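**Student:** requesting a structural model of the entry that follows:
(one chain, ligands or ions: 1)
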Amino acid sequence: MTIKGNLFILSAPSGAGKSSLITALLKQVSPRSMQVSVSHTTRNPRPGENHGEHYHFVTKDQFKHSITQKHFYEYAEVFGNFYGTSEVAIDQQLAQGIDVFLDIDWQGAQQVRMKKPDVTTIFISPPSKQELENRLRGRGQDSEEVIQQRMAQAQAECSHYHEFDYIIINDNFEQALADLTTVVQSQRLKCSQQVSAHHNIFAQLLA
Ligand code: 5GP
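**Tutor:** Numbers count the residues shown, from 1 in each chain. The predicted structure is shown next:
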């Protein structure tokens, strides 16, 4: 019996600490059991970002072509740029039994939920508006205008918190990581997953 991987969506306003949480989570598990989907985007790379690792950086024309070719599971416009998740890459990983994390916004989460009702969706919330602003400023990568835009966008993202299966408040990082690990682990322990992974145990028990 083949074990299918679990599909997770992690959404958060920028500055909530989502990327750090995913990075820390991945360090705890084998790369063969969990991967983060690498999205396509039309935005420019930030310092330190690599093509194919953080994103597939593409032109608007390339992105539009991919839309017409139906390459995307979902796509959305965020901060004036397009972002999309490649369908083939994800389905291949899930079929290999790999858990896949999608780091996407609420618009993408809505689209994936329609296509894959068994997706597990998690919203990472900052502990307060002030802390969110501090974190956005602390990155030191964006202009004041961009920070104000991101604050407005963050509020828009936060207004969808109730659409998610789980909410993790990232006040204390270690606690938030433990919460995230618990959600992942509880999915892995679901009956359907366990039966696939340990079918020999049940076959033996009932023989
Ligand atoms: P950033 O430009 O800061 O890397 O990401 C901006 C926002 O776009 C984040 O909220 C991130 O989750 C979202 N995002 C990244 N990739 C995708 C994607 O493939 N689809 C959607 N819908 N949103 C994405």
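**Student:** so how far is Gln149 from the closest residue to the ligand within the chain?
**Tutor:** Closest residue of the chain to the ligand, C-beta to the nearest ligand atom: Gly108 (2.5 Å). To be clear about C-beta, it is placed using only N, CA and C from the backbone, and glycine gets the same treatment. Noted for Gly108: a distance of 19 Å to Gln149, by C-beta to C-beta, to the nearest Å.
**Student:** pick out whichever of those two has more residues nearby.
**Tutor:** Higher neighbour count among Gly108 and Gln149: Gly108, with 23 against 14, using other C-beta atoms under 10 Å.
**Student:** helices of the protein, start to end?
**Tutor:** Remark: helices assigned in the chain by DSSP state H are 18-28, 60-68, 87-95, 106-115, 129-138, 144-158, 173-188, 191-197, 199-205.
**Student:** what residues does the chain have near the ligand?
**Tutor:** Contact residues (C-beta under 6 Å from any ligand atom) of the chain with the ligand: 14, 39, 43, 74, 76, 78, 83-85, 103-105, 107-108.
**Student:** tell me the one of these nearest Asp61?
**Tutor:** Looking at the residues of the chain next to the ligand and their distance to Asp61, the nearest is Gly84, at 13.9 Å (C-beta to C-beta).
**Student:** ok, what's across the strand from the spatially most central residue of the chain?
**Tutor:** Centroid-nearest residue in the chain, with C-alpha atoms, centre = their mean: Asp103, separated by 2.3 Å. Beta bridges link Asp103 to Leu10 when assigned by DSSP bridges.
**Student:** give the contact list for it.
**Tutor:** Listed by C-beta atoms under 8 Å, 6 or more residues apart in numbering, the contact set of Asp103 reads 10-11, 18-19, 22, 36-37, 39.
**Student:** check Phe173 too.
**Tutor:** By C-beta under 8 Å, 6+ apart, the neighbours of Phe173 are 17, 20-21, 24.
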